[in-house]
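Student: Provide a 3D model corresponding to the input given below.
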Amino acid sequence: MALPDPSQIAEIDGRLSGLSAEDRLRWAHETFGARAGIGTSFQPAGVVILHLAKTAGLPIKAFTLNTGLLFPETLAFKAEIERILGITVDDVQPEQTVEQQAATHGPELWKRDPEKCCELRKVQPLGRRLFELDLWISGLRRDQSAERASTPLLSLAGRPDGSDVWKLNPLVDWSKERVREYLAQHGLPHNPLIDRGYRSIGCAPCTVPSSGGDERGGRWPGFDKRECGLHTRTKK
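Tutor: Residues are numbered from 1 along each chain as shown. Predicted coordinates for the structure are as follows:
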């Protein structure tokens with residue numbers, strides 16, 4: 001299967017911008033086939049993408065980064081979504097367990113150097129998975145935060161060796177309210193932590209309930225950090 005030429009990004013982006021999220025995913029499957037993959041952390045937008053792909057009959061494989069530090073509620077919710085949609089979401093794990101990391105870098109690295117912890121437990125595992133893909137599908141939305149306000153629909157991301165992997169954010173122009181409406185319309189659940197004030201749910205030690213501000217509030221409290229690096233360190 002011949003991949004699109006990177007010089008065509010602007011043209012393809014313009015065409016996809018006029019399509020529904022479902023048709024954007026259909027383009028992804030028709031263009032990249034088995035080399036397309038949905039990365040999800042089971043935030044509401046991610047559930048929408050999984051449901052859209054399933055109901056459209058698009059067999060796009062999905063994966064999640066299981067850091068070993070996720071909330072028990074998130075792991076239970078993953079199992080619930082897999083059961084409801086009849087899918088399997090692959091667990092992509094770090095090379096070291098939490099205990100092995102503690103032996104190498106000291107205990108509770110996230111308290112001392114969250115950038116390094118995210119690198120080891122999120123960025124590096126994603127990098128390894130991207131070698132298996134030509135298109136990475138993500139749930140980023142422009143209204144999530146100021147940092148994400150200029151997120152493109154279609155772009156190129158980078159694998160660890162600097163090679164290109166295409167990246168599609170099919171809900172990039174959706175609002176939080178539209179995501180909520182979709183879940184309600186289709187009777188889809190959300191992570192129960194949301195009802196307890198968690199607005200963006202990551203690893204348990206680095207996520208707290210929050211109110212006010214944007215959706216990324218409550219991540220890495222006490223640090224000047226808003227992103228784990230998945231979308232910033234792979235940006236090209």
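Student: What ranges does the protein have for its strands?
Tutor: In the chain, the strands defined using DSSP state E lie at 36-39, 61-65, 89-92, 135-137, 154-158, 164-168.
Student: Mind putting those strands into CSV with mean neighbour count?
Tutor: In this view, the C-beta of every residue, glycine as well, is placed from N, C-alpha and C. Listed next are the strands of the chain as CSV, based on neighbours: other CB atoms under 10 Å:
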stretch, mean neighbour count
strand 36-39, 24
strand 61-65, 20
strand 89-92, 16
strand 135-137, 25
strand 154-158, 19
strand 164-168, 22
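Student: Please name whichever of those strands is nearest to Lys111.
Tutor: Shortest separation from Lys111 across the strands of the chain is recorded for strand 61-65, at 20.1 Å, computed as CB to CB.
Student: Apart from its chain neighbours, what residue comes closest to the residue positioned nearest the centre of the chain?
Tutor: Nearest to the geometric centre of the chain sits Thr40, at 4.1 Å (CA atoms, centre = their mean). Once flanking residues are discounted, Thr40 sits nearest to Gly46: 3.6 Å by CB to CB, 6 or more residues apart in numbering.
Student: Okay, and the beta partners of Cys203?
Tutor: Beta bridges link Cys203 to Leu70, judged by DSSP bridges.
Student: Isn't it up against Leu70?
Tutor: Yes: shown here, Cys203 and Leu70 form a contact pair, counting by CB atoms under 8 Å, at 6.3 Å.
Student: For the biggest helix by length in the chain, list the C-alpha coordinates in PDB.
Tutor: As assigned by DSSP state H, the longest helix anywhere in the chain is helix 72-85. Extracted C-alpha coordinates of helix 72-85, given in PDB (Å, rounded to 0.1, in the frame of the first residue of the first chain):
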ATOM      1  CA  PRO A  72      -7.800   1.000  39.200                       C
ATOM      2  CA  GLU A  73     -10.900   2.800  38.000                       C
ATOM      3  CA  THR A  74      -9.200   3.400  34.600                       C
ATOM      4  CA  LEU A  75      -8.200  -0.300  34.300                       C
ATOM      5  CA  ALA A  76     -11.800  -1.400  35.100                       C
ATOM      6  CA  PHE A  77     -13.100   1.200  32.600                       C
ATOM      7  CA  LYS A  78     -10.900  -0.200  29.900                       C
ATOM      8  CA  ALA A  79     -12.300  -3.700  30.500                       C
ATOM      9  CA  GLU A  80     -15.800  -2.200  30.400                       C
ATOM     10  CA  ILE A  81     -15.300  -0.500  27.100                       C
ATOM     11  CA  GLU A  82     -13.700  -3.600  25.600                       C
ATOM     12  CA  ARG A  83     -16.800  -5.600  26.600                       C
ATOM     13  CA  ILE A  84     -19.300  -3.000  25.400                       C
ATOM     14  CA  LEU A  85     -17.600  -2.600  22.000                       C
END
